[in-house]
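> can you look at this prediction? I've put the sequence above it.
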Amino acid sequence: MYRPAAFRQDDLATLHTQIHACGLALLSSAGEQGLQASHLPLLLAPNEGEFGTLYGHFARANPHWRDLASGAEALVVFSGADAYVHPGWYPAKAEHGKVVPTWNYIAVHAWGQAEVFDEPERLLQLVSRLSERHEQGRAQPWAVSEAPREYIDSMLRAIVGFALPIRRIEGQWKLGQNRSRADQTGVHQGLSTSTEPRDQALAARMPIRE
């Protein structure tokens with residue numbers, strides 16, 4: 001990932017927070033079947049390994065897991081808030097006109113090689129943890145234990161799990177840090193007053209230079 005100095009994010013705790021906030025990650029790899037990409041919900045175990053370990057599962061019918069089983073390196077992308085930046089939000093436009101549109105965003109990239117597994121009890125633990133994570137906070141959270149065990153067993157046979165220790169991790173917080181305080185304030189105001197939820201989400205993440 002190209003990361004100008006103004007936008008680099010290397011604080012591991014901050015990167016982990018963004019990974020946890022991302023509901024659906026993009027996992028890509030290159031192997032005998034060429035480039036492949038899968039959209040997967042993942043769990044992060046932050047204290048396993050130097051940078052943490054990611055856990056997830058594929059449908060067994062998805063050939064992508066076979067590349068990971070063969071040792072292919074994987075790149076996992078966790079996307080955060082993003083939004084188009086309108087040039088008219090920069091006060092600099094009125095001063096000299098030397099402004100152009102851009103796109104601001106937050107993203108984390110993580111690399112590693114995965115261990116693939118299909119032991120039923122290990123898979124059960126994984127899907128239970130995934131369900132607990134995404135059901136928490138609901139008035140009546142669903143649990144894997146509510147479904148008939150024979151049905152769950154059949155579902156487990158249809159998936160393949162993996163553990164991916166993170167070997168390298170990078171973050172990019174492109175939030176206008178290279179602009180003047182006036183331009184940052186203008187963009188923040190433009191985004192925060194937008195009717196688009198994605199614009200408002202990015203505005204909430206923008207630092208304003210003192």
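Arrived safely, thanks for sending. Just so it is clear, the structure is predicted and the values come from calculations on it, not from any experiment.
> would you tell me which helix is longest in this structure?
Counting residues, the longest helix found in the chain (DSSP state H) is helix 120-135.
> quick one: buried residues of the next helix or strand after that helix?
As assigned by DSSP states H and E, the chain's next helix or strand after helix 120-135 is helix 149-156. By 16 or more other CB atoms under 10 Å, the buried positions in helix 149-156 come out as 152, 156. The C-beta positions use only the backbone N, C-alpha and C, and glycine is treated the same way.
> mind giving me the packing neighbours of helix 149-156?
helix 120-135 (3 or more CB pairs under 8 Å, 6 or more residues apart in numbering; DSSP states H and E).
> isn't residue 16 up against residue 43?
No: in this structure, residue 16 is not within contact of residue 43 by CB atoms under 8 Å, at 11.8 Å.
> touching the longest helix of the chain from outside, list them.
For helix 120-135, the external contacting residues (CB atoms under 8 Å, 6 or more residues apart in numbering) are 23, 41, 43, 55-57, 117, 141-145, 152-153, 155-157, 159, 161.
> tell me which residues in that helix are buried?
The neighbour-count check on helix 120-135 (16+ other CB under 10 Å) flags 123-124, 126-127, 130-131 as buried.
> of the contacts of helix 120-135, grab the buried ones for PyMOL.
The command below creates a PyMOL selection of those among those that count as buried (16+ other CB under 10 Å):
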select buried, resi 43+55+56+57+144+152+156+159+161
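> tell me how far residue 15 lies from residue 166.
9 Å (CB to CB, to the nearest Å).
> residues near residue 173, how many?
Residue 173: 23 surrounding residues under other CB atoms under 10 Å.
> beta partners of it?
residue 106 (DSSP bridges).
> packing partners of the host helix or strand of residue 19?
With elements taken from DSSP H and E, the one containing residue 19 is helix 12-21. Here helix 12-21 touches strand 43-45, strand 73-85, strand 102-113, strand 168-174, going by 3+ CB pairs under 8 Å, 6+ apart.
> what sits up against the last one?
Applying CB under 8 Å, 6+ apart, the contact partners of strand 168-174 are 1, 3, 7-12, 14-15, 18, 51-52, 103-112, 205.
> relative to the whole chain's centre, how far out is it?
11 Å (CA atoms, centre = their mean, to the nearest Å).
> I'd like the mean pLDDT over the helix or strand just after that strand, please.
Counting by DSSP H and E, the next helix or strand C-terminal to strand 168-174 is helix 181-192. Summarised as a single mean, pLDDT over helix 181-192 is 95.
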